[in-house]
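Novice: Compute the structure for the input listed below.
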Amino acid sequence: MRGRTSIFALSSIFLLLSLFPYHFFYPKHQTSSTPKNHIIRFLQYKKAEVYRNYLERHVKSKGWKWVERKNPAMNFPTDFALVEIEDHFEDLLIGEFGKLDLVKDVYLDLSYQRGVLDEKVGAFLDGKKRPGKIFTAMSFDESDANVTGSRRNLMMQKSQVTSLFGADALWSKGYTGAKVKMAIFDTGIRANHPHFRNIKERTNWTNEDTLNDNLGHGTFVAGVIAGQDAQCLGFAPDTEIYAFRVFTDAQVSYTSWFLDAFNYAIATKMDVLNLSIGGPDYLDLPFVEKVWEITANNIIMVSAIGNDGPLYGTLNNPADQSDVIGVGGIDYNDHIASFSSRGMSTWEIPHGYGRVKPDVVAYGREIMGSKISRGCKSLSGTSVASPVVAGIVCLLVSVIPENKRKDILNPASMKQALVEGASKLSGPNMYEQGAGRVDLLESYETLKSYEPRASIFPSVLDYTDCPYSWPFCRQPLYAGAMPVIFNTTILNGMGVIGYVESPPAWHPSNEEGNILSIHFTYSKVIWPWTGYLAIHMQIKEEGAQFHGEIEGNVTVKVYSPPGQGEKNPRRSTCVLHLKLKVVPTPERSMRVLWDQFHSIKYPPGYIPRDSLDVRNDILDWHGDHLHTNFHIMFNMLRDSGYYVETLGSPFTCFDANQYGTLLLVDPEDEYFDEEINKIKDDVINTGLGLAVFADWYNVDSMLKMKFFDDNTRSWWTPVTGGSNVPALNDLLAPFGIAFGDKILNGDFVINGEQSRYASGTDIVKFPEGGYLHGFPFLDSSESGATQNVLFSGSKIATIITPATATPTTSPVDTPPPEEGGGDPLPPEGTVGEPRPDGGVGESRPEGAREGTAKNHLLLSETVVEERVGIQMEGVVDGGGGGDGVGVGGGVEDGGEGVDDGGGEVGSGGGGEVVGGGVVAGGVGVAGGGEVAGGGGETAAAGGGDVVLDGGEVGVGEAPGVGEDIILDHY
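Specialist: Numbers count the residues shown, from 1 in each chain. The predicted structure is shown next:
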């Protein structure tokens, strides 16, 4: 292997700093000395006093005390206790509690934080953690209904959302929600409110001594469901309202408050429950499992899908659970509201595939509802769309005679009625609209003749139905590809528990359908009310040249125990119709493999956002995936003729001979030694192209990002940066490439198109002969005075360049350029103008040279905003000819209105790079495995300057590679 020249020059000082022996070196929590409340869950329901005596009798250690819960649920048996544990005794006491026979588990008492009014308020404000559990924002537009003239008439026309769904048709039949018990979990409601005729009970579950709604959100939600004011009519005015005040005036709620309130809802036999809240933490098991228990007790739960749109993969919990009716929002033109969260569900990533959510959508913009005391106002958000559907559900429940309701209606049968009756919208895909806009009258017709049965949702996957069947309709099947997974939900209206009687089966409609190989994974036990059926589709080798469509049905038989008064089990056959497109296997150079296996997201650990510009949502919880936050990239690759497959397993599990390029975008996980060795062999010996997009990784910045979480009473510190740069450096070390720890930001222009480089890293080591494209960016890292080269194991190489030194060597034991390998380094200060921030950083060692003008680095993926309309022209071949490695930094998640991954992809192989700005064609391996060298060497001046020899980047040949490097337009 020939000598390599680094981007950054090293002069005389080369320090090795000892660090921890692995990359995920920070614990999730660094505890404080403040006592914390813990939830102890039991295996049975007993009176609270019984459990108190039980714990005091069996746990004699000091450091804990019983927390009294004074609320209406204490009149009934409970399945949990709340205890305060001192920090010094936490591990000991959790162990002692956990060993008790009656104890199920022990959890911290988490708290929910919500924003419910006219400003978008989340769990973080200007990068600081607000009180409460991590909770996504609820944003609203508010306007007063007390207006005059044409504006008032227009608002009233829009406000009567009940008429848009035809509620008056059911009212005329005498159905008004009578004798339906509606639980509203929100901010409460005031007594004797003139808009409500049937407030049955108000309960307070918070630590504040009031039953009143002092924020207005709970009152508004109740008004949409059951209001009787002429300006803001509700759907079911005779519904019995049970107001559960679970949020304080500061919009905070704890898991323990919800658990007690849920238990009370079960004990008092609620029919419907609306929860206009949500968050990313689907691993808060006490909360999640209590939701299962709620629905298992035949309470129909309706919940907002979230206001984190238009980004994909932003579904909120519990609306993302299959047993809950998750509601998205649309405007009056039947367009998906920009704020409405998009699917898919992300529980199953990285090893599987998400489910279709939301279930349905409803009007959620400028909806009229009740004010705190009197009058009406308009609000927008999915927490407004949720009570629209909850009101429809109450109205539908009242259609069924009271003595038959529990035999017919349940969370599954109600969802069946809603999704089967919904009107599919023409523009959005299934992960935006679910089954479509809810249709009250069609659902009414379904319920009138409903017989208990099981079904599959969605019931059809049609590759010819675009855009609804996106992303499946964008890419046909072909032989030799990774399995394509479609994850459906089994709805079992026959009973709370059901069983799959026999394995699912594929029934092709014609002979061609036999080339389809299907593997099934599914819930053998369906509880509560729902399960999953995932189909893993591949084309057999005999179909390698087939071009056409195949069609058929997947069937699965489900049975449940007999209903009341029945002798035989209930049985049903579910049908999923498939209509698939198949093409001949594409050539290797057109096949791209996306690495999903090494992507990690919150909540398993504190994974920070890729872009540090996003100050009010610092957790990366969206689940990086081609079909979520990188969906624009997927579409652009397909538009350019590339076929993109997803790898949900280690690198040792794919055949590199089948792919032109392996795409690594924002990985957070580690790489096994076997994976590193395989990728080295794949690139050098099999011609695999490798495109890498890194994000920031800076230890000092990570330490600064820690925050104190009041609900866990502990400090949280990131377990990695925007991406796991040390692990990437391990992977790229065989190619002479290494990233640094700068955090670079700035705008850049290529071919007249401006884009944003947000929170990207720099390149500190690179093979000679490689081509780099650089721009002047600002360094926002906390350690700007030095340049750290991050490696695995126990060392970081820190580079400090004194002003008197002559930079002639590279930073990490690499020799200087060979004779004839490029021009010498330029004199200090000759490249560009000083940066506005003063260079590398404000704090420098004495005698260290001032930062130079530019940080040059290989252009990486950057923010792409949908409104800009950036288009990708292609991706490098990666197979045949010169193999290659493309690298870059700066993957941007984006905030509201910005989608990840919107369009830059580049790779070495074949030399031709066209991916909207990433230049990597001449970089990498060529000539039987040697790192490309020869003319066009890269040299560097201190502080990050790069001098490119051999003309403009993206034009001409790189000797030793023999392929053109083409920088195409966006």
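
Novice: Number of residues surrounding Met414?
Specialist: 26 (other CB atoms under 10 Å). C-beta here means a position set from N, CA and C on the backbone, and glycine is covered the same way.

Novice: same thing with the one 3 residues further on?
Specialist: The number of residues packed near Ala417 is 25, by other CB under 10 Å.

Novice: tell me which element it is part of?
Specialist: Here Ala417 sits within helix 411-421, counting by DSSP states H and E.

Novice: CA atoms only for that helix, dumped as CSV, please.
Specialist: Extracted C-alpha coordinates of helix 411-421, given in CSV (Å, rounded to 0.1, in the frame of the first residue of the first chain):
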residue,chain,number,x,y,z
PRO,A,411,-61.3,-1.9,20.5
ALA,A,412,-60.8,-4.3,17.5
SER,A,413,-64.4,-4.1,16.2
MET,A,414,-64.5,-0.4,16.5
LYS,A,415,-61.2,0.0,14.7
GLN,A,416,-62.5,-2.4,12.0
ALA,A,417,-65.6,-0.2,11.5
LEU,A,418,-63.4,2.9,11.3
VAL,A,419,-60.8,1.7,8.9
GLU,A,420,-63.2,-0.2,6.7
GLY,A,421,-65.5,2.7,6.4
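
Novice: And for it, what's in contact with it?
Specialist: Helix 411-421 has contacts (CB atoms under 8 Å, 6 or more residues apart in numbering) with 295, 298-301, 323-325, 359-360, 389, 392-393, 396-397, 434-435, 438-447, 450, 452-453, 455, 457, 491-493, 528-530.

Novice: Write a ChimeraX command that selects only the buried members of these.
Specialist: In ChimeraX, selecting the buried portion of those, with burial taken from 16 or more other CB atoms under 10 Å, looks like this:
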select :295,298,299,300,301,323,324,325,359,360,389,392,393,396,397,434,435,438,439,440,442,443,444,446,447,450,452,453,455,457,491,492,493,528,529,530
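
Novice: partner residues bridging the closest residue to Pro358 other than its chain neighbours?
Specialist: Residue nearest to Pro358 in three dimensions, not counting chain neighbours: Gly328, with 3.7 Å by CB to CB, 6 or more residues apart in numbering. When assigned by DSSP bridges, Gly328 has beta-bridge partners Val361.

Novice: From Val180, how far off is Gly328?
Specialist: Separation of Gly328 from Val180 (CB to CB, to the nearest Å) stands at 24 Å.

Novice: Between those two, which has more neighbouring residues?
Specialist: Gly328 (34 against 26).

Novice: what sits against the more buried one?
Specialist: Applying CB under 8 Å, 6+ apart to Gly328 gives the contacts 305, 336-337, 340-341, 358, 360-362, 364, 382, 385, 432-434.

Novice: per-residue pLDDT, it?
Specialist: Gly328 carries a pLDDT value of 98.

Novice: How much space separates it from Leu211?
Specialist: 32 Å.

Novice: Please apply the same query to Lys99.
Specialist: 40 Å.

Novice: These two: which is more packed in?
Specialist: Leu211 (15 against 10).

Novice: Tell me where the model's unsure across the stretch 501-650 of the chain.
Specialist: Along the stretch 501-650 of the chain, the parts satisfying pLDDT under 70 run over 601-623.

Novice: where exactly do the strands run in it?
Specialist: Ranges of strands in the stretch 501-650 of the chain, per DSSP state E, counting those that start in this stretch, are 505-508, 516-522, 525-526, 530-539, 548-560, 570-582, 591-595, 643-647.
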